[in-house]
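# Predicted model, plus sequence, below.
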Amino acid sequence: MKIKRGDNVLITLGKDRGKKGKIEHVFQKKREVLVSGINIYKRHLKARSESQPGGIVEITKPLSVSKVVLICPKCNQQTRVGYKITGKEKMRICRKCKETI
């Protein structure tokens with residue numbers, strides 16, 4: 001997958017379209033990412049015990065990778081990711097400014 005944890009992304013589809021956030025977790029097999037502060041839903045929880053009261057809790061649900069686009073840290077534009085192989089290293093590059101990400 002071309003997107004990694006810690007990357008800044010822009011949301012392109014859904015209720016949070018146009019918002020920016022940082023990737024917290026990547027689910028490789030499902031091809032989904034968890035973006036902080038994006039795709040928040042409310043969940044009603046039943047009380048389990050005295051120490052765990054019930055109530056309405058906000059949870060962050062993962063987004064499909066196809067709904068996010070990477071923001072280049074150098075040129076600060078949304079971009080696709082390319083690869084550049086030098087020796088034994090494989091580095092990600094920005095397709096617009098050709099800088100390493």
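Good, I have the coordinates.
# is it true that Lys30 touches Pro62?
Yes: with contacts counted by Cβ atoms under 8 Å, Lys30 reaches Pro62, the gap being 7.3 Å. Where you see a C-beta, it was placed from the backbone N, CA and C, and this is true even at glycine.
# Compare the two (neighbour count), which wins?
More crowded of Lys30 and Pro62, by other Cβ atoms under 10 Å: Pro62, with 17 against 10.
# quick one, what contacts the residue lying closest to Arg92 once chain neighbours are set aside?
Distances taken as Cβ to Cβ, 6 or more residues apart in numbering place Ile101 nearest to Arg92, at 4.4 Å, with adjacent residues excluded. Applying Cβ atoms under 8 Å, 6 or more residues apart in numbering to Ile101 gives the contacts Asp7, Leu70, Cys72, Pro73, Lys74, Val81, Met91, Arg92, Ile93, Cys94.
# Scan this structure for its longest strand.
Selection of the longest strand in the chain by residue count, based on DSSP state E, yields strand 20-27.
# just to revisit the earlier point, report the buried members of the contacts of Ile101.
Among these, those classed as buried by 16 or more other Cβ atoms under 10 Å are Asp7, Leu70, Cys72, Val81, Ile93, Cys94.
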